[in-house]
Each structure stands twice: as C-alpha cells, then as structure tokens.
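**Student:** Quick one, what's the 3D model for this:
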Amino acid sequence: MPIFTGAGVAIVTPMKDNYEVDYDALESNINYQIDHGTDAIIIAGTTGESATLTEAEHVDVIRAAVEFTKHRIPVIAGSGSNSTRTAIELSQAADSCGVDGVLVVTPYYNKATQKGLVAHYTAVANAIKAPLIIYNVPSRTGCNILPATVAELTKNVPNIVGIKDAAGNLAQSAEMMHLCDGKLELYSGEDGQVLPLLSIGGIGVISVLSNVAPQQTHDMVMEYLEGDREKAMKIQLDAVPLINALFSEVNPIPVKAAMEILGMPAGPLRPPLTEMEEPHREVLKQELTNFGLL
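**Tutor:** A predicted model of the protein is given here:
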C-alpha cells in the first residue's frame, strides 16, 4: 500500500514575531488541512523552512506534527541533509517520533555522483524502519538523481518506496517509471505539473498550493485517478495563474504571504528569507481572488 494517495501538503512552519516556532498555529493549520481534504502532512521540508530550523527544532516540529495529526492521515517528515550522517540522524529521530515515512532530498551543494547517491540513500534507508521517499529537486540542490539510479535503489533497498519528482523533465520521469516497472510511488513535486505526472503512473502530489487550497488540490488528483479527467484538467488549468504567483519569489515567501492575506496563521520568515515584495503581493492577492479563495 502507498504511504498516501492524493494531495499531501508541504506545510509551512508558522513563526511567532520573535521567529520562534508557533506550535499553536501549527496545530490549527494541521486541523484545517485535515478538515479540508488533505491526504498527508509533509512536515519540515523546504516549505517548512527546514534550512533555518536547528536540528533540535527540526525534530520538535516533526514530533509536534505527529502529535497534532493523531493518526488521522499520514505524516511524512523531511529529514534530508547534504551530510549522510546528519540525514541518518534526522531520519532516525523522525522514525522514533512515529512518522509514516521520511522525505529525503538529494544532497545539496556537494553535487554527489550517482554512485554517491546510491550509497547515501542506501545508508539512510538501512538505518530506519520507516519507508523513504526520495526528493529530486535539481533547481535547488544542483544534483539530479537519474532514472537508472532510482531504479537501482528501489530494486535493492526495500523501504525506498517513492519519489517526489520536481525535476521538471517529463521525459526523464517517464524513463524512470519505465525502469522501475511499477515499483515506485510517484508524487509530483510541482503544483503546475500534477496531471502530466499522474498520466505516467503518479499517485499524488506533495503540494505548496495545498496550504491555501487543500480541497481543490485533493479534488484535482482524485478526480483524475477516479476517471473524471475533464474536471481534473479544469482545476489544474484554473490554478496555473495562482501557482505562478505562489512561485513568483522563492518558496515559501509567497505561500506565507498568501496565508497571511487569507487570515491563516503563518508568521514571518526566518532570515535570510524576506517578506514578499509589494508588486508580487498585489498579483498574488488578485490571483487568490480569481481562484475563489479571497
């Protein structure tokens, strides 16, 4: 059985004005997501500002998400690092918190070889019991895990079960699915490319859009999987201008601004991220209105 099918939210980490994690707001946001159709909580990932959480905070946020979710839907913890040792430690800590899976980004900055990626993911997966989802986002990491490498890992490491694919290369994704021969849970890592990846065997999305439009994102995936392609396509295409606005500045700057506009708790961004520039914010506000959220 897959960890989840449908739309998982790459949930923000709300902050207080003093930049401490706002756990009351996190609980409120998790309850909102569950009440509005989200199929999984993905905690402490890129959208959750994992890069500026201390390791202790990182684990505390994961533990809190498990506690707040109360087994109603799966919780998947971001636990990657550019250090294999740190990725193992974070993944073991997440596993001990009771997560349903971990999401491990390709090591960033180091630019590991494909052989290095095999060694990295094998070491992390072998150190935990929870299933592991690879996260491929070359635009952020400078590192692209190739289809043959993914196939090797899924064949030889039993608890490497899926991939969050944000490579933006449909041909590469199709080759990967061919080589994995049905043994890979494929999740879109791009809100604007959900349906294309579903069309080659994907089962869901790990979504930034879901922070502000959880029901619509869930419906888009499930309508497609249940056979109403026209309805799914309409949601996908209608969402394109809003998705573009949500990525007009580096994630999660716009999505936190969108939540603030909608009256949802998000709080400030930890430096070096800064608040959204006013011209982009005005466009974002208009697209939230156009999509029926404001």
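**Student:** Tell me how many other residues crowd Pro14.
**Tutor:** By other CB atoms under 10 Å, 23 other residues sit near Pro14. To be clear about C-beta, it is placed using only N, CA and C from the backbone, and glycine gets the same treatment.
**Student:** In which helix or strand does the closest residue to it other than its chain neighbours reside?
**Tutor:** In this structure, Pro14 finds its nearest non-sequential neighbour in Ala25, 3.7 Å apart by CB to CB, 6 or more residues apart in numbering. Element membership for Ala25, per DSSP states H and E: helix 23-35.
**Student:** and the longest helix seen in the chain, what does it pack onto?
**Tutor:** Secondary structure assigned by DSSP state H gives helix 229-246 as the longest helix of the chain. The contact analysis (3 or more CB pairs under 8 Å, 6 or more residues apart in numbering; DSSP states H and E) places helix 229-246 against helix 194-198, helix 214-225, helix 253-261, helix 278-290.
**Student:** The longest one packs against which elements?
**Tutor:** Identification of packing neighbours for helix 278-290 by 3+ CB pairs under 8 Å, 6+ apart yields helix 229-246, helix 253-261.
**Student:** neighbours of Ala171, just the number please.
**Tutor:** The burial count for Ala171: 8, using other CB under 10 Å.
**Student:** One more: Asn110?
**Tutor:** Asn110: 15 neighbours (other CB under 10 Å).
**Student:** can you pull the contacts of the residue nearest to it when sequence neighbours are not counted?
**Tutor:** Nearest non-adjacent residue to Asn110, counting by CB to CB, 6+ apart: Asn82, 5.2 Å away. Listed by CB atoms under 8 Å, 6 or more residues apart in numbering, the contact partners of Asn82 are Pro107, Tyr108, Tyr109, Asn110.
**Student:** Would you check how far apart Asn82 and Glu226 are?
**Tutor:** Applying CB to CB, to the nearest Å, the value for Asn82 to Glu226 is 40 Å.
**Student:** do Pro252 as well
**Tutor:** 30 Å.
**Student:** same check, this time on Ile206
**Tutor:** For Ile206, the distance to Glu226 - CB to CB - is 20 Å.
**Student:** More neighbours: these two, which one.
**Tutor:** Comparing Ile206 with Glu226 by other CB under 10 Å, the one with more neighbours is Ile206, at 28 against 10.
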